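Q: Model the structure of this input:
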Amino acid sequence: MLWSFLSWKLIKMSIIISFVLSLAFILFQFFRIDNIVLSLPLRETLPFLVLWIFYSLFYFLPTSLFVSSSVVFFELKDTEKLNVIESFGISPYFAYLQTLIRCAPIFLFLVFTSFILHEEDISFMRNYLTYKYYLNMVYSIPEKTFSTVGDMTLYTDGRTGNYLSNVFFKKERILVVAKSAHIEKDTLIFTEGSLLSEENNKFYLTSFWEYRLSLGKFVSLERNKEKLKRDQKLNLLNSLLSPMLITLGFLISKKTDRSTRLYYSVGVLSVFYQFFLLTIKPLL
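A: Model prediction:
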């Protein structure tokens, strides 16, 4: 009963910590795409947000297990409950081992999730939403207004349905000025204009009668297989290190006498671990 209580307390605290870390991370990243997410229908953005939150919870869970294990075992020692356990002839290492064994389901969950959920999946859905936002922008652009999203800018003097007059378009290193344009699916077809492009630090100006530009050209709508493999390796590494992180948390709590020193050590090591994952990611 005691070991089940300790493992449940450890897992519950880990989920809470992981949720807080995920929320902070998502809020920080959200400001980069808030105009896209907030402008599209909820039925399109909700799956992306749910998947993003779930992946963040999964990614930060091993770090959270490390933090919660150090706190849970330190509280046992600090409140002298560990002394009570030892008075029954039970070693602290035995208590740790029993707790670790009961955390096995969470380890299996992490390993299983490593194979089915990847950061590249989040990038793919974000690109799809960006693509949809570009389409909405093109199909609903108001007259005599510069509409900008990211590095894409579009302007028209007037519009009739899908036909635009006196059009200005800029995206990345491409700038188009045309007398008119019309929209077919995800393609802008410019008529009677000029194209200014940059390549190898040189600018090229070209006049055209008709120029077709697909919005899909600027957004990748395919998953990168190499990145998927890399993400899976990183996920597995992060998941398989979970038992070691719990062990490290237990050892730190055993060697630390002050709560302030514990929180400082755990905080520094958690940041160091995240830097470790970021550093090793390109090498996988």
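
Q: Centre of the chain to the lengthiest helix in the chain, how far?
A: Criterion DSSP state H: the longest helix present in the chain is helix 42-78. With C-alpha atoms, centre = their mean, to the nearest Å as the basis, helix 42-78 stands 13 Å off its chain's centre.

Q: Name the residues of that helix that are buried.
A: For helix 42-78, burial by neighbour count (16 or more other C-beta atoms under 10 Å) applies to 45, 48, 52, 55-74, 76, 78. In this view, the C-beta of every residue, glycine as well, is placed from N, C-alpha and C.

Q: now stretch 96-109
A: Of the residues in stretch 96-109, those buried (16+ other C-beta under 10 Å) are 96, 98, 99, 100, 102, 103, 106, 107.

Q: Contact partners for the fourth one?
A: Listed by C-beta atoms under 8 Å, 6 or more residues apart in numbering, the contact set of residue 100 reads 243, 246, 247.

Q: Put together TSV for those, with distance to residue 128 on each row.
A: Listed next are the contacts of residue 100 as TSV, based on distance: C-beta to C-beta, whole Å:
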residue	distance to residue 128
243	36
246	37
247	41
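
Q: May I ask which of those has the most neighbours?
A: Counting neighbours by other C-beta atoms under 10 Å, the top entry in those is residue 246, with 26 neighbours.

Q: what's downstream of whatever helix or strand that one lives in, the next helix or strand?
A: Take DSSP states H and E as the rule and residue 246 turns out to sit in helix 242-255. Downstream of helix 242-255, the next assigned helix or strand under DSSP H and E is helix 259-280.

Q: mind listing what's buried in that next one?
A: For helix 259-280, by 16+ other C-beta under 10 Å, it's 262, 265, 266, 269, 270, 273.
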